[in-house]
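Enquirer: pasting the sequence and the predicted model now:
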Amino acid sequence: MATKNFIPLCILLIYQTVAESSNLQPSNPSDWSPSISSIPYPSSLHGIQAAYWPSFNEISPSSIDTKYFTHILYAFLLPEIGTYKLDITPIDQTKISEFVDALRTRNPPVKTLLSIGGGGSDPAVFSNMASTKHTREIFINSTVEVARKFGFDGVDLDWEFPANDQDMSNLALLFKEWSIALHNEAKINRRSRLLLTAAVYYASKFTVYGGLRSYPARAINKYMDWVSPMCFDYHGSWENFTGVNAALYDPKSNISTNYGIRSWIQAGVPPEKLVMGLPLYGRTWKLKDPNVNGIGAPAVGVGPGDGSSGTMDYYQILDFNNGTRATVVFDRLSVSYYSYVGDSWIGYDDVRSIQKKIRFARTWGLRGYFFWALGKDKDWTLSIQASNTWRHQWP
Ligand SMILES: *[C@@H]1O[C@H](CO)[C@@H](O)[C@H](O)[C@H]1NC(C)=O
Ligand SMILES: *[C@@H]1O[C@H](CO)[C@@H](O)[C@H](O)[C@H]1NC(C)=O
Ligand SMILES: *[C@@H]1O[C@H](CO)[C@@H](O)[C@H](O)[C@H]1NC(C)=O
Ligand SMILES: *[C@@H]1O[C@H](CO)[C@@H](O)[C@H](O)[C@H]1NC(C)=O
């Protein structure tokens, strides 16, 4: 997850190399549109409309409008270095209680998941935890204990990212043992089983530190309720040219949601186990020349908004665009928006791109979508758009 508005270095490495590394052939999106009738989509399955709630931001859990969501994820707890049990500070404890209490009795009801990790967490802790049966067991037991203690409906892993083949095979073991533990716990205590999900990279394989890594598709398929590809952070101010945050299509590279989702399906994870990520934030640049202001224009660093991360929340983007009378462009090719004024440039999603992405998710028969993150929308605008499109696409 983009997390505390911080992008780890490894993302950069990944993005520089992913385009050359995968075995998928790029193709015209239209070649790949499956025929709608060929996709089984049980009408009884409502689908997943999820959002992460960052515990470090401002929005109070009681103000979440549950009409637009089916699942809300608490972001994040971390395993303690050395013990691999979840680390819960007194502040976490207060926030978790506030979160679960506020959401447990809502109408319409939502399910709550406890998410562990995030983009700001240290991948080495997960790598070490997953490396032995004993440490996996301690970790798994701790997640079950904490989830039950506070009344969550499930647990979610956000390890960014497994970095080598060993990590990937340990991840498969972790998923297997976690799933078995959750089934056993439910049986012994005669309770409904905790859900097991994970946030994953936008594509099923990627190159990092010079090697190609593939997620364990078979284990995901067998043991996970679903996984959530993070279909965003495709371009940012770490590059010296402007780009969109979450292109649906990119004819010039493999860094797009179309490519990523297809790579997951091709790897063998069925669409009904995929919940597609959508960003409620954009990424900003400072243009080198205000008169050269399209996608791919030369840039010289971070633009308006959060200067340390180069991100801006959706509601802030709307305020900025209005306040500065910025020029707003909808780019049909990438299905994204960008705006510019003076030397400021922002790439982001708005109503129309969200609508088209949800249609894409429906067309491919995906299980649902999730947002990063609550608190970044403008009066629920994009949450409503996504929910309406999702529910009305095939009544
Ligand atoms: C984990 O939980 C299981 C089931 O309660 C228990 O049998 C096992 O001893 C626990 N393992 C550790 C390392 O705590
Ligand atoms: C952008 O960065 C690349 C490599 O980091 C460099 O080769 C290129 O000259 C830079 N372009 C500009 C316009 O600064
Ligand atoms: C996408 O990946 C394929 C397979 O490695 C590669 O042949 C192709 O050049 C990539 N496409 C782009 C536009 O980088
Ligand atoms: C746009 O800005 C104007 C003045 O700066 C303000 O009066 C108006 O309420 C703003 N509109 C929106 C939709 O924020």
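Expert: Received the coordinates, thanks. Ligands and ions are numbered 1, 2, ... in the order given.
Enquirer: can you list the buried residues in the helix or strand hosting residue 218?
Expert: Following DSSP states H and E, one finds residue 218 within helix 217-223. Neighbour counts over helix 217-223 (16 or more other C-beta atoms under 10 Å) mark 217, 219, 220, 223 as buried. Where you see a C-beta, it was placed from the backbone N, CA and C, and this is true even at glycine.
Enquirer: buried sites along the longest helix seen in the chain?
Expert: What stands out as the longest helix in the chain, according to DSSP state H, is helix 165-189. Using 16+ other C-beta under 10 Å as the test for burial, helix 165-189 gives 167-168, 170-179, 181-182, 185.
Enquirer: can you give me the domain boundaries for this protein?
Expert: Split into domains by automatic domain parsing, the chain comes to 45-279+349-391, 286-346.
Enquirer: what about the shortest one, distance to the chain center?
Expert: Relative to the chain's own centre, domain 286-346 is displaced by 22 Å; criterion: C-alpha atoms, centre = their mean, to the nearest Å.
Enquirer: if we can go back for a sec, would you turn the domains of the chain into JSON lines with mean pLDDT and distance to ligand 1?
Expert: Formatted as JSON lines, the domains of the chain follow (pLDDT from 0 to 100; distance: least, C-beta to the nearest ligand atom, whole Å):
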{"stretch": "domain 45-279+349-391", "mean pLDDT": "96", "distance to ligand 1": "4"}
{"stretch": "domain 286-346", "mean pLDDT": "97", "distance to ligand 1": "38"}
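Enquirer: any chance of these in a markdown table, plus distance to ligand 3?
Expert: Below are those laid out as a markdown table (distance: least, C-beta to the nearest ligand atom, whole Å):
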| stretch | distance to ligand 3 |
| --- | --- |
| domain 45-279+349-391 | 4 |
| domain 286-346 | 14 |
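Enquirer: mind listing the strands for the stretch 201-350 of the chain?
Expert: 205-208, 211-214, 226-229, 275-279, 281-286, 311-313, 327-331, 336-341, 344-348 (DSSP state E, counting those that start in this stretch).
Enquirer: among these, which is the most enclosed?
Expert: strand 281-286 (a mean of 28; mean count of other C-beta atoms under 10 Å).
Enquirer: ok, back up a step: tell me how far the longest helix of the chain lies from the chain's centre.
Expert: On C-alpha atoms, centre = their mean, the centre of helix 165-189 falls 21 Å from that of its chain.
Enquirer: from the buried residues of helix 217-223, pick the one nearest residue 132.
Expert: Residue 132 lies nearest to residue 219 out of the buried residues of helix 217-223, by C-beta to C-beta, at 17.5 Å.
Enquirer: apart from its neighbours in sequence, what residue is nearest that closest one?
Expert: In space, and not counting its chain neighbours, residue 219 is closest to residue 172: 3.7 Å by C-beta to C-beta, 6 or more residues apart in numbering.
Enquirer: for residue 54, grab phi and psi.
Expert: Per-residue torsions, residue 54: phi -70, psi 120 (degrees, to the nearest 10).
Enquirer: tell me, how many residues neighbour it?
Expert: Number of residues near residue 54 (other C-beta atoms under 10 Å) recorded here: 23.
Enquirer: what do you get for the one 10 residues further on?
Expert: Residues lying near residue 64 (other C-beta under 10 Å) number 22.
Enquirer: is it true that it touches residue 53?
Expert: Yes: shown here, residue 64 and residue 53 form a contact pair, counting by C-beta atoms under 8 Å, at 7.1 Å.
Enquirer: what residues are shared contacts of those two?
Expert: Jointly contacting residue 64 and residue 53 under the rule C-beta atoms under 8 Å, 6 or more residues apart in numbering are 72, 374.
Enquirer: mind checking pLDDT for residue 24?
Expert: Looking at residue 24, its pLDDT stands at 37.
Enquirer: which residues touch residue 165?
Expert: Applying C-beta under 8 Å, 6+ apart to residue 165 gives the contacts 211, 213.
Enquirer: separation between it and residue 325?
Expert: Distance, residue 165 to residue 325, by C-beta to C-beta, to the nearest Å: 52 Å.
Enquirer: what of residue 110?
Expert: In this view, residue 110 and residue 325 are 39 Å apart by C-beta to C-beta.
Enquirer: and if you look at residue 356?
Expert: Residue 356 is 26 Å from residue 325, where distance means C-beta to C-beta.
Enquirer: of these two, which one has the most company?
Expert: residue 356 (17 against 8).
Enquirer: that one contacts residue 336, doesn't it?
Expert: No: under the criterion of C-beta under 8 Å, residue 356 is not in contact with residue 336, lying 9.7 Å apart.
Enquirer: overlap of the contact sets of those two?
Expert: With C-beta under 8 Å, 6+ apart, residue 356 and residue 336 have common neighbours residue 248.
Enquirer: how much space between the residue nearest in space to the middle of the chain and residue 116?
Expert: When the chain is reduced to its mean C-alpha position, the nearest residue by C-alpha atoms, centre = their mean turns out to be residue 230, at 3.4 Å. Residue 230 sits 15 Å away from residue 116, going by C-beta to C-beta.
Enquirer: hmm, what's the outermost residue in this structure?
Expert: In terms of distance from the mean C-alpha position of the chain, residue 291 ranks first, at 33.9 Å (C-alpha atoms, centre = their mean).
Enquirer: for it, phi and psi?
Expert: phi -90, psi -10.
Enquirer: please tell me how far it sits from residue 198.
Expert: Counting by C-beta to C-beta, the gap from residue 291 to residue 198 is 45 Å.
Enquirer: surely residue 176 touches residue 220?
Expert: No: between residue 176 and residue 220 there is no contact under C-beta under 8 Å: 10.4 Å.
Enquirer: longest strand of the chain?
Expert: strand 71-79 (DSSP state E).
Enquirer: what's the angle from it to strand 275-279?
Expert: Counting by axes from the mean of the first three to the mean of the last three C-alpha atoms, to 10 degrees, strand 71-79 lies at 80 degrees to strand 275-279.
Enquirer: next secondary structure after strand 71-79?
Expert: strand 86-87.
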